[in-house]
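Visitor: Any chance you can model this:
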Amino acid sequence: MINRDRVVNINSIDLLTMYTRVFAIAGVTVTAIDAKDPEGNFVVDADPANAVIASEPVKSLDFAAGATAATVYFAPTYDYEGFKVEGAAVATTGDEVVNDHANLYKATLASGAVTIEKVGA
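Guide: Numbers count the residues shown, from 1 in each chain. Alright, predicted model coming up:
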């Protein structure tokens with residue numbers, strides 16, 4: 001329903017699904033990936049054909065041995081821990097991740113390093 005301020009509220013779907021729909025409208029191909037456990041720990045074990053979006057907030061994400069280049073869109077959990085490369089925690093470069101469930105971030109893996117960019121900053 002449109003209110004008197006002409007704002008259409010998002011009530012019927014979750015925020016990550018809305019981001020995926022916006023990517024589709026913009027012509028950006030993303031594929032959803034699921035966590036490996038209920039806590040929000042993800043693994044990217046091969047180079048994806050296109051960018052991926054985490055289907056739920058990310059506590060941690062491991063770029064396993066088979067992944068050498070990837071782009072992952074994500075929202076962090078409140079207990080966000082960060083990224084790993086081949087099981088080892090790595091310090092990321094770029095933007096700081098604020099775990100407030102309100103922001104979307106892009107993590108890019110290249111040459112064993114992970115760079116974070118806040119989307120829409």
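Visitor: residues in contact with the closest residue to residue 57 other than its chain neighbours?
Guide: Excluding the flanking residues, the one nearest residue 57 by Cβ to Cβ, 6 or more residues apart in numbering is residue 77, at 4.2 Å. Placement of C-beta: from N, CA and C, glycine included. Taking Cβ atoms under 8 Å, 6 or more residues apart in numbering as the criterion, residue 77 is in contact with 40, 57, 58, 59, 99, 101.
Visitor: now the residues you listed as CSV including distance to residue 72, secondary structure and pLDDT?
Guide: Output for those, formatted as CSV (distance: Cβ to Cβ, whole Å; DSSP: H, G, I helix; E, B strand; the rest coil; pLDDT from 0 to 100):
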residue, distance to residue 72, secondary structure, pLDDT
40, 13, coil, 96
57, 13, coil, 94
58, 8, strand, 96
59, 14, coil, 97
99, 16, coil, 86
101, 17, coil, 71
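Visitor: got a list of contacts for the helix or strand harbouring residue 109?
Guide: Element membership for residue 109, per DSSP states H and E: strand 105-110. Residues outside strand 105-110 that contact it (Cβ under 8 Å, 6+ apart): 44, 51, 61, 63, 67-76, 83, 85, 92, 95, 97, 114-119.
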